[in-house]
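A.B. asks: next one to model:
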Amino acid sequence: MTALAGSERFSIDTNVLVYCVDATAGEKHRRALEIMDRAVECDCVLSTQVLAEFYHAVTRKRLVPRREAAAQARDWAKAYAVVAPELTELQSALAYAERMQLSIWDALLVATARKTQCTLLLSEDMADGAAFGPVTVINPFRGASLPPRAAAALDL
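C.D. replies: Numbering: from 1, shown residues only. Okay, here's the model as predicted:
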């Protein structure tokens with residue numbers, strides 16, 4: 001996928017996708033929809049892990065029926081560049097989880113973002129501003145509007 005907007009390659013964590021279908025999340029729902037609408041035209045990479053976690057989370061919480069969750073995950077898989085973690089990323093994730101006390105799932109997402117040369121990871125779950133080599137975590141839900149770096153990546 002060629003970047004059409006923004007200047008920074010980035011990835012998106014599961015929580016953003018979940019808020020897209022959770023209309024009860026108020027401002028987070030609105031902001032998540034804005035992020036995903038813009039990200040499709042940017043240099044955004046999604047992990048297969050995130051798409052699988054989305055399906056698990058929204059069906060477990062009964063936010064949407066299984067068929068709808070699967071259709072949404074498939075639509076995102078078609079619209080975005082998608083990458084799967086491999087053994088190298090798992091090994092890196094195990095080291096991150098041990099050294100930095102990250103959950104294995106967050107660590108695997110960071111390792112996959114690094115694999116794809118992302119410099120930004122939009123996530124509410126990890127510490128805002130945390131840096132993992134070239135990858136910096138930004139919480140897109142912090143504050144009254146998108147943080148400046150996230151807005152720039154989304155060409156807003």
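
A.B. asks: strands paired with the helix or strand of the chain with the lowest mean pLDDT, and their directions?
C.D. replies: Every helix and strand of the chain was ranked by mean pLDDT, DSSP states H and E. The lowest is strand 5-12, at a mean of 84. Here strand 5-12 has these sheet partners by DSSP bridges: strand 42-47 (parallel), strand 120-122 (parallel).

A.B. asks: okay, the first one in PDB with CA atoms only?
C.D. replies: Spelled out, that is strand 42-47. Taking Å, rounded to 0.1, in the frame of the first residue of the first chain, the C-alpha atoms of strand 42-47 are listed here in PDB:
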ATOM      1  CA  CYS A  42      -2.000   6.800   5.200                       C
ATOM      2  CA  ASP A  43       1.000   4.600   5.700                       C
ATOM      3  CA  CYS A  44      -0.800   2.400   8.300                       C
ATOM      4  CA  VAL A  45       0.000  -1.300   8.900                       C
ATOM      5  CA  LEU A  46      -2.300  -3.600  10.900                       C
ATOM      6  CA  SER A  47      -1.200  -6.800  12.500                       C
END
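
A.B. asks: show the subsequent helix or strand relative to that strand.
C.D. replies: Counting by DSSP states H and E, the next helix or strand C-terminal to strand 42-47 is helix 48-60.

A.B. asks: the shortest one now?
C.D. replies: Note on strand 120-122: by DSSP H and E, the next helix or strand toward the C-terminus is strand 131-132.

A.B. asks: and that next one, average pLDDT?
C.D. replies: Computed over strand 131-132, the mean pLDDT rounds to 94.

A.B. asks: now do the following helix or strand past it: distance to the chain's middle.
C.D. replies: Later in the chain than strand 131-132, the nearest helix or strand by DSSP H and E is strand 135-138. Offset of strand 135-138 from its chain centre (C-alpha atoms, centre = their mean, to the nearest Å): 11 Å.

A.B. asks: export the next helix or strand after strand 135-138 as CSV, just CAs?
C.D. replies: For strand 135-138, the following helix or strand on the C-terminal side (DSSP H and E) is helix 148-153. Extracted as CSV, the C-alpha positions of helix 148-153 are listed here (Å, rounded to 0.1, in the frame of the first residue of the first chain):
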residue,chain,number,x,y,z
PRO,A,148,-0.2,16.4,17.5
ARG,A,149,2.0,13.5,16.4
ALA,A,150,-1.0,11.2,15.8
ALA,A,151,-2.8,14.0,13.9
ALA,A,152,0.2,14.6,11.7
ALA,A,153,0.5,10.8,10.9
